[in-house]
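Undergrad: need a structure here:
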Amino acid sequence: MSIYFDKERRLGKAVWNGHLSGAEYRELVLLCLDLTDRHELLGWLGDNRKMQTIEPADLQWSLEVFVPQIVTGPLLRMANLPSEYEENRQAMEIMLEKKSKLDQKLVIRDFDSEEEALAWLLELTE
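TA: Sure, this is the predicted structure:
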């Protein structure tokens, strides 16, 4: 995974690649949360196109830790480039269901292109 952020525009981006699980997956997710909170990012682009399956234990951890923290953080918008892997998309759907039960402040949208996603996120800073 590669992580980028633009401090001036208050935007972050994670590009996932392959299969990550266990401590490695959790450490990277926590790193994204820390970056978001520390720099008070308003928008995030998750490029999940090459992200493979999220293991059941990691999905459970995400529901218990990641989702509650992301909805209480500073993010207002999250743009998602969905994975090409069906199992990953199903796991993301489960996380979205959990998110919708917790908070409506964070708006999450799927996009087909990075350009479209970035344009939507940049509306926050204009």
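
Undergrad: report the contact partners of the residue most central in space within the chain.
TA: The structure's the chain has its C-alpha centroid closest to Gly46; by CA atoms, centre = their mean the separation is 4.8 Å. Gly46 sits next to 13-14, 16, 78-81 when contact means CB atoms under 8 Å, 6 or more residues apart in numbering. The C-beta positions use only the backbone N, C-alpha and C, and glycine is treated the same way.

Undergrad: and for Leu35?
TA: 3, 5, 12, 41 are the contacts of Leu35 under CB under 8 Å, 6+ apart.

Undergrad: where does it fall, secondary structure wise?
TA: If you go by DSSP states H and E, Leu35 is part of helix 22-38.

Undergrad: list the buried residues for stretch 9-17?
TA: 9-16 (16 or more other CB atoms under 10 Å).

Undergrad: then stretch 36-45?
TA: Buried positions in stretch 36-45, judged by neighbour count with 16+ other CB under 10 Å: 36, 41-45.

Undergrad: which one is Tyr85 nearest to, not counting chain neighbours?
TA: Using CB to CB, 6 or more residues apart in numbering and skipping the chain neighbours, the partner closest in space to Tyr85 is Gln52 (5.3 Å).

Undergrad: and for the one you found, the neighbour number?
TA: Neighbourhood size, Gln52 [other CB atoms under 10 Å]: 17.

Undergrad: again with the one 4 residues further on
TA: Neighbour count for Pro56, taken as other CB under 10 Å: 10.

Undergrad: could you do Ile94 as well?
TA: Ile94 is flanked by 15 other residues according to other CB under 10 Å.

Undergrad: what do you get for Glu24?
TA: By other CB under 10 Å, 12 other residues sit near Glu24.
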